[in-house]
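*Asks:* quick one: sequence and predicted model below, then my questions.
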Amino acid sequence: MTLLKVEHLKVEFATVNGSVKALDGVSFTVDKGEVVGIVGESGSGKTTLGLAILKILPPNGRIVSGKIVFDGRNLVELSEEDMTKVRGKEISMIFQDPMTSLNPTMRIVDHIAEALIVHYGLSKEDARSRAIEALTAVGIPENRALDYPHQLSGGMRQRVMIAISYALKPKLLIADEPTTALDVIVQDQILDLLKELRNRQKTSILFITHDLSVVADIADKVIIMYAGKIMEIGSVEQIYYSTLHPYTQGLLKSIPKIGNSGDLYTIPGNPPDMLNPPPGCRFHPRCPFAEEKCRKEEPPLIEVSEGHYVACWRCVK
Amino acid sequence: MESLVFFKNILKALGKTHSLEEKMLKVGLVLAAALALMAVLAPYIAPYDPIKMYTGDPYTPPCLEHLFGTDSMGRDVFSRVIYGTRSALMVAVISAAFAFAIGIPLGLISGYLGGVFDRVATLIMDALYAFPSLVMALAIAVALNSGGSASVSSIILNTAIAISVVYIPSYFRVIRATTLSVKENLYVEAARAIGAPPLRVILKYIAPNAVTPAIPIICMNFADAILTAAGLSFLGIGLPPFYPDWGVDISKGWKDIPNGVWWTSFFPGLMIFIATLAFMLISDALVEYLNPRREGMRS
Amino acid sequence: MSVILSVENLKKYFPVEQTFLDRLLGKEKEYVKAVDGISFEIKRGETLALVGESGCGKTTTGRLVVRLLEPTSGKIVFKGTDITFTKESELRKWFRLKAQIIFQDPYASLNPKMKIGEAIEDPLLIHFGDKLSKKERKEEALKIMSKVGLIPPEYFYDRYPHELSGGQRQRAVIARALVLRPDFIVADEPTSSLDVSIRAQILKLLQALKREFKLTFLFITHDLATAYYIADRIAVMYLGKIVEIGDTKETILNPMHIYTKALFSAVPLPDPKLNRNRKKIKIKSEPPNPINIPSGCRFHPRCPFAEEKCRKEEPPLVKIGKNHFTACWLYS
């Protein structure tokens, strides 16, 4: 069942040096209870995507065109007032650095209780007890509920963010690099928590990251982004075992793997300048298979096998 | 070269967006430039010799021949006001230069060394800072000028020194704070790692980065110095009464206001206001422009 | 000599600032025991990887070994000379020419007000200012810039750090570290801040440079796969001590210490089926803070196999295989 459908979304940023097309026609779907990994490097537009769906772009960014259909409604057309009802309760977001999302003067239990009071109109006592329930569910013992954010470690703060989601029961959770700043063991615990959230509450998760290994661990479906466009979409097995796009292949071949002593492949060149992206296929300057057509025409995203889409001239011959 | 690039960037940024602070900066720059020109080209702009008495009848109200009227000795107020820019700007520039030359190196060294030196220096600076600026400047100015004989230029110099002592703590504090923060940057550690001796680390790695945030403060001190200088000359630090200076003119003219003679005080006062405003606008706008948060918007 | 760096029982304690009240009450001084007695050797031409989570002391170790920090106690011997407590002015005369460090954040480690060429030349200016002419210095800088892949070097020579991409900046940092032709380099997470597609470039560059300039590396990283790829030996740190050390392949594929096993099994693999099917050792809770170090084996509160002895006595590093050591009572 489709929960979120993004159609030809375009987002631009106005900067002193010109206009940056951060997202240039992005389309994909997220089903109920699905974990979709959005993978990309800097400039790919993956963070912008998360911000655009919640319509919390910075002041110099705006949605130029396209649709974001969530649970039957086009969020692009929704007023700011209506959006505030969606944020938190239906779609919530967690970021890389939870410290900036938490109010340093508020106890962690109150963060959750407040949200419950605002969105569900619960009484103070009910909200408090539900909040403690949520904290326990994410592994924070009750005796720490009255702590302030600075008293917690990074991992624990991230758990608090997940607890807020757990309590509010949103349909969609957007997680933007939630484990990038965390140690490996804590990361593992947080990923387990997210999986539990999906299993218990059927929350869909949009997991934004640059880490292909983390995505292989948690995602059902993977979207590979580059320079504001989608290069490949597929199930996690399709992406890792039947890789199509040269960029995806390059990425997978360039990460060191335990047990593999072979030489690393390197993708030549640098990520593109988003003020002047390359013409035709955005990846062509770095692609070992680039041909004339790739330099001139932008390849569309085409379904090559069930659920497996790719934007590459070579793959659709 | 770096500063040229810096100003070019400001102008480029000004050209593209038109927010409030950019408008403020434009107005401030225009006013400041006008004042500077006024000071330099005074002999060519002023219709009369500012010291010459009886260019018209005394206490003439503003009219076509005397745009700002005349004072008690028949001197043209408009010319006096234009020439007054000179002493105001000179005092501001000299005092800023002194305060800069002493406050900044002290702040750098204090921030870098820390320890006892830092504690003592900060204590002294905090004490100086706690003094009411006008009172302290007055005391120093009087002490320096008590030699009696002084020429106008030495009086201006002494006034500038007196005011600079007031502002040294400001520069010291700002630079010390920026030094403390710049000191923690990785490139300073990297400089130590390649074997740079402490002096080089301070001069090449810390100073260029610590001083930039001080630039708006310099502008603010400029504005304040103009105000303080006017205050000092109003209280009479020793400039001869015939000398064209805004503060001096107000000190002579304010007694005549109850008699309906408003122009001898109003116009010098207006100039003080405009000059102070100009540099405050620039400093405010620079603070916004140099705000690191704008990094994202500057692509 | 074959051993370029030898570290013996190295310790670094950071005093925790006491409030006035604490001092009034006569409270005992507390220390963050960042590094609490580690010993290892690095042979010439080797790359030793130092892995661990935040707070384990690996970054502090890196700083100690290039003497950007002064140890609290212990011994650091570099190329036969004891440099443990040598004065900075003395170190500047020779040590800084032989041992260098590359940091994690290439943007933060370059002076924003210095052009790239200037930054790379600075070490030459500092140490050979009187011996090399301006032209000679520039030539040297351009030469090393080509070697690290900043091509054309003349173009990059005049650029400022903010004009370069992350990968280019890191190349500049590497060039600056190499311009004095050091023997030993500490690389502190040199690829963690870079985009995925750039990391491989920098890793391969470091390997190529290692061969060409006959370098020895201490490679600090939290990424096991990177350690597997680049290091000859690997040391795992926990709360200021080395819990396991050995040849890379042997140690990573066959970990012995429970912490190491948990750490390695928590690392996600870029392979969905493997991730799903492998057995994981899960340990609970968060690492304790380095001010209150647990008694005995510092890992015992989280260890599923902890026994009485583990709570009382701290296990020494013992040999459990050819060139494989671990500190755990289960093995001694």
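*Replies:* Noted; the coordinates are in hand.

*Asks:* contacts and neighbour counts: CA atoms only from here.
*Replies:* Noted.

*Asks:* quick one: neighbours of A:Pro170, just the number.
*Replies:* For A:Pro170, the tally of surrounding residues (other C-alpha atoms under 10 Å in any protein chain shown) stands at 21.

*Asks:* the one 3 residues further on too?
*Replies:* Summarising burial for A:Leu173: neighbours were counted as other C-alpha under 10 Å, giving 27.

*Asks:* my guess is it contacts A:Gln201, does it?
*Replies:* No. Counting by C-alpha atoms under 8 Å, A:Leu173 stays clear of A:Gln201, with 11.2 Å between them.

*Asks:* thought B:Pro62 was touching B:Gly69?
*Replies:* Yes. Here B:Pro62 reaches B:Gly69: they are 3.9 Å apart, a contact under C-alpha under 8 Å.

*Asks:* okay, and the common contacts of these two?
*Replies:* With contacts taken as C-alpha atoms under 8 Å, 6 or more residues apart in numbering or on different chains, B:Pro62 and B:Gly69 have B:Trp263 as neighbours in common.

*Asks:* these two: which is more packed in?
*Replies:* Between B:Pro62 and B:Gly69, counted using other C-alpha under 10 Å, B:Gly69 has the larger neighbour count: 26 against 17.

*Asks:* could you pull up the contacting residues of the residue in the stretch 1-150 of chain A positioned nearest to chain C?
*Replies:* Proximity of the stretch 1-150 of chain A to chain C (C-alpha to the nearest C-alpha) peaks at A:Glu41, 5.8 Å away. Contacts for A:Glu41 (C-alpha under 8 Å, 6+ apart) come out as A:210, A:225-226, A:271, C:195-197.

*Asks:* what about the one residue in the stretch 101-250 of chain B that gets nearest to chain C, how many residues nearby?
*Replies:* The minimum distance from the stretch 101-250 of chain B to chain C, using C-alpha to the nearest C-alpha, falls at B:Tyr187 (3.9 Å). Counted with other C-alpha under 10 Å, residues neighbouring B:Tyr187 total 23.

*Asks:* my read: it touches C:Pro106, true?
*Replies:* No. Counting by C-alpha under 8 Å, B:Tyr187 stays clear of C:Pro106, with 9.1 Å between them.

*Asks:* could you measure the residue of the stretch 51-200 of chain C found nearest chain B against B:Tyr83, distance?
*Replies:* The stretch 51-200 of chain C approaches chain B most closely through C:Ser109 (3.9 Å), counting by C-alpha to the nearest C-alpha. For C:Ser109, the distance to B:Tyr83 (C-alpha to C-alpha, to the nearest Å) stands at 51 Å.

*Asks:* centroid-nearest residue for the chain?
*Replies:* Answering for chain A, as no chain was given. The centroid of chain A falls nearest to A:Ile208 when counting by C-alpha atoms, centre = their mean (2.7 Å).

*Asks:* look at chain C instead
*Replies:* Centre-nearest of chain C using C-alpha atoms, centre = their mean is C:Ile220, 3.2 Å out.

*Asks:* and it, its phi and psi?
*Replies:* The phi/psi pair for C:Ile220 (degrees, to the nearest 10) reads phi -90, psi 130.

*Asks:* over to A:Ile233?
*Replies:* With angles defined as degrees, to the nearest 10, A:Ile233 sits at phi -130, psi 140.

*Asks:* from chain B, how far off is it?
*Replies:* 30 Å (C-alpha to the nearest C-alpha, to the nearest Å).

*Asks:* tell me who's in contact with that residue.
*Replies:* By C-alpha under 8 Å, 6+ apart, the contact list for A:Ile233 reads A:221-224, A:239, A:307-310.

*Asks:* which one (most neighbours) among those?
*Replies:* Busiest of these [other C-alpha under 10 Å] is A:Val222, holding 28 neighbours.

*Asks:* beta partners for that one?
*Replies:* Under DSSP bridges, the beta-bridge partners of A:Val222 are A:Gly37, A:Gly234.

*Asks:* where's it relative to A:Phe28, distance?
*Replies:* Computed as C-alpha to C-alpha, the A:Val222 to A:Phe28 distance reads 10 Å.

*Asks:* helices or strands up against the helix or strand in which C:Ile174 is found?
*Replies:* Here C:Ile174 sits within helix C:166-178, counting by DSSP states H and E. Packing partners of helix C:166-178 (3 or more C-alpha pairs under 8 Å, 6 or more residues apart in numbering or on different chains; DSSP states H and E): strand C:99-102, helix C:116-128, helix C:134-147, helix C:196-213.

*Asks:* 6 Å instead, please
*Replies:* Packing contacts for helix C:166-178, counted by 3 or more C-alpha pairs under 6 Å, 6 or more residues apart in numbering or on different chains; DSSP states H and E, involve no helix or strand.
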